[in-house]
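Visitor: Okay, here's the prediction I keep looking at, along with the sequence it came from:
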Amino acid sequence: MRNYVLSPSILAADFKVLGQEMKKTEENGAAYIHFDVMDGMFVPSISFGMPVLASIHDATEQFMDAHLMVQEPIRYVEAFQKAGADYVTVHLEACEDVKTTLDKIHACGMKAGLAVNPETDVKELVPYLEDVEMILIMSVHPGFGGQKFIPESLDKIRAVRAMLNEKNLETDIQVDGGIYVENVREVLDAGANVIVAGSAVFRGDAGENTAKFMEILKSYE
């Protein structure tokens, strides 16, 4: 049976009260915390890195889901493992050698995810489907929070789920960008099972917003 997981993105959180906000999401069923790392090169924005992850790591028992939107992420894999990451997801477009990067993540004892941007054909994922625990479909252009969901992402989710089914793989499909309670069922129906939500969780009451998402996600289990 597939697990349905909410991964709240702290990029949208108020850092003055981040520990309490993360705890609210944990208490209401969010198993992951999504940690968006941006380097100002692969994406235009700069966010945060290893020291911040290390500082929040012990604030909850949640799975630390590090999404590296950085050029040549292999340079930072060991550092993120030391900072407390459980999952490291890298972008196919950002790696000179995708397979070596994924192998490095596994060698450091973490789960590996592989992300693709909206303009990337999901067929490019095929050589790596058996090398990852998760595929991340970006449903907005990476680098900025609060963007609108790109509807064509639903077709990409369906295509990836079909490719995984063809190989009898139970690999997770995570979707990141523009997801709210109002449209999350479309994403789940397309075949995703790990949902990233930033603004939709942290704007307003994080606990209540998490509970609303989890009620929907649990209905799919």
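Guide: It's in.

Visitor: Give me the distance between residue 197 and residue 73.
Guide: Using CB to CB, to the nearest Å, residue 197 is found at 23 Å from residue 73. C-beta coordinates here come from the backbone N, C-alpha and C atoms, glycine included.

Visitor: And residue 7, by the same measure?
Guide: Taking CB to CB, one finds residue 7 at 18 Å from residue 73.

Visitor: ok, now residue 57?
Guide: Taking CB to CB as the measure, residue 57 falls 19 Å from residue 73.

Visitor: Between those two, which is the more surrounded one?
Guide: residue 73 (24 against 16; other CB atoms under 10 Å).

Visitor: thinking that one is in contact with residue 93, fair?
Guide: No - counting by CB atoms under 8 Å, residue 73 does not reach residue 93; the two are 11.0 Å apart.

Visitor: for the chain, what spans make up the helices?
Guide: 18-27, 50-56, 77-83, 98-107, 153-166, 184-190, 199-202, 206-218 (DSSP state H).

Visitor: Buried deepest among those helices, which one?
Guide: Burial of the helices of the chain is given as mean neighbour count (mean count of other CB atoms under 10 Å); helix 199-202 ranks first at a mean of 25.

Visitor: tell me the contacts of residue 133?
Guide: 87, 111, 112, 113, 171, 172 (CB atoms under 8 Å, 6 or more residues apart in numbering).

Visitor: Serialize the residues you listed to JSON lines and add fields for neighbour count and distance to residue 203.
Guide: Shown next, in JSON lines, are the contacts of residue 133 (neighbours: other CB atoms under 10 Å; distance: CB to CB, whole Å):
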{"residue": "87", "neighbour count": "25", "distance to residue 203": "25"}
{"residue": "111", "neighbour count": "17", "distance to residue 203": "29"}
{"residue": "112", "neighbour count": "21", "distance to residue 203": "31"}
{"residue": "113", "neighbour count": "25", "distance to residue 203": "25"}
{"residue": "171", "neighbour count": "20", "distance to residue 203": "31"}
{"residue": "172", "neighbour count": "21", "distance to residue 203": "26"}
